[in-house]
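1. Let me see the structure of the following:
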Amino acid sequence: MEHDAAICGPICYEAFAAIDRQHNFPPDLPSPEVGTHLLSIMFSHPKMYCIVAEAEGRIVGSNCLDERSIIAGVGPVTVDPRIQNRRIGRALMEAVLDRARQRQFAGVRLVQAAFHNRSMSLYTKLGFVAREPLSIMQGPAIMETLEGTEVRPAQEADVEAASVLCERVHGHNRAELRDGIRAGSARAVIRTGALTGYASSLAFFGHAVGETNEDLQALIATAESFGGPGILVPTRNPQLLRWCLEKSLRIVYPMTLMTIGLYNEPTGAYMASVTF
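-> Here you go, the predicted structure:
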């Protein structure tokens, strides 16, 4: 695992950096070492199905399938930029989709950079449907408390209420919250004594759900920072997007949520993670 991550981490960094540079966007990962750290966590997680691709006797790419919930999340899928155009990315995608079918997941989701036409074309050919435009947002910590709300670290005792809320908004729950609680990154919003919102983390790989936009605003306003490239705000939510802009957050670049299988139009406020 560690050996594979040490090879795949720099590939992950270079693959995304090459695409970002072509379109004049900042790199998703700040360094190859961060790529290695990220993949080390994913490769060693018992609920992540991770694979590598080999060509000419060496590892040239990797992909992961997040299996923590009834909906599986794909990514990051990366291929060494020096060995592109050999259908390796397609093979990595087909492998995890075969796994998802074998494990009978209700659906599969991913988030792709909206400026990357080739990945959009590949995922569409593989059966994915574009569902939601997203905006990565990054900026300085707001450090405000919204009147009538309490934001505190999420606890194991919050999981049941958070699951009920997630099912109400998305039609299914998400088990990643427990990882966020263990890592100390998860937050809960309390209003009138009840949980009305939560975030597994305020970061690129974190998701959030709320009864209203005010619940998400409370989470964002109290965050000390926004991990990775930033948080993923649904672009079709103008109230939340405008509020973030007014609080000096900026749009880094656009992304697209794509799905196969079960998908319900959300009936509440939410923010996606980079895997879904």
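2. Now do the strands in the chain.
-> Secondary structure of the chain by DSSP state E: the strands cover 48-55, 58-66, 71-74, 78-79, 107-113, 129-138, 150-153, 187-191, 194-199, 208-210, 231-234, 250-261, 269-271.
3. would a markdown table of the ones you listed with distance to residue 32 and mean neighbour count be doable?
-> The way it works is simple: take the backbone N, C-alpha and C, and place the C-beta from them, glycine included. Listed next are the strands of the chain as a markdown table, based on distance: least, C-beta to C-beta, whole Å; neighbours: other C-beta atoms under 10 Å:
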| stretch | distance to residue 32 | mean neighbour count |
| --- | --- | --- |
| strand 48-55 | 16 | 16 |
| strand 58-66 | 14 | 22 |
| strand 71-74 | 22 | 26 |
| strand 78-79 | 12 | 26 |
| strand 107-113 | 19 | 23 |
| strand 129-138 | 21 | 19 |
| strand 150-153 | 32 | 14 |
| strand 187-191 | 30 | 23 |
| strand 194-199 | 28 | 24 |
| strand 208-210 | 29 | 26 |
| strand 231-234 | 24 | 25 |
| strand 250-261 | 20 | 19 |
| strand 269-271 | 28 | 23 |
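4. Columns mean pLDDT on top of those, output as CSV?
-> Listed next are the strands of the chain as CSV, based on pLDDT from 0 to 100:
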stretch, mean pLDDT
strand 48-55, 96
strand 58-66, 96
strand 71-74, 97
strand 78-79, 95
strand 107-113, 97
strand 129-138, 98
strand 150-153, 98
strand 187-191, 97
strand 194-199, 98
strand 208-210, 98
strand 231-234, 98
strand 250-261, 97
strand 269-271, 98
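5. nearest to residue 17, of these?
-> Closest approach to residue 17 among the strands of the chain is made by strand 78-79 (10.3 Å; C-beta to C-beta).
6. where along the stretch 101-250 of the chain do the helices fall?
-> 117-125, 159-170, 176-183, 213-222, 238-246 (DSSP state H, counting those that start in this stretch).
7. Report all helices and strands that the first one contacts.
-> When contacts are defined as 3 or more C-beta pairs under 8 Å, 6 or more residues apart in numbering; DSSP states H and E, helix 117-125 sits against helix 88-102, strand 107-113, strand 250-261.
8. Let me know which of the strands of the chain is the nearest to residue 15.
-> The stretch from the strands of the chain with the least distance to residue 15 (C-beta to C-beta) is strand 78-79; that distance is 3.8 Å.
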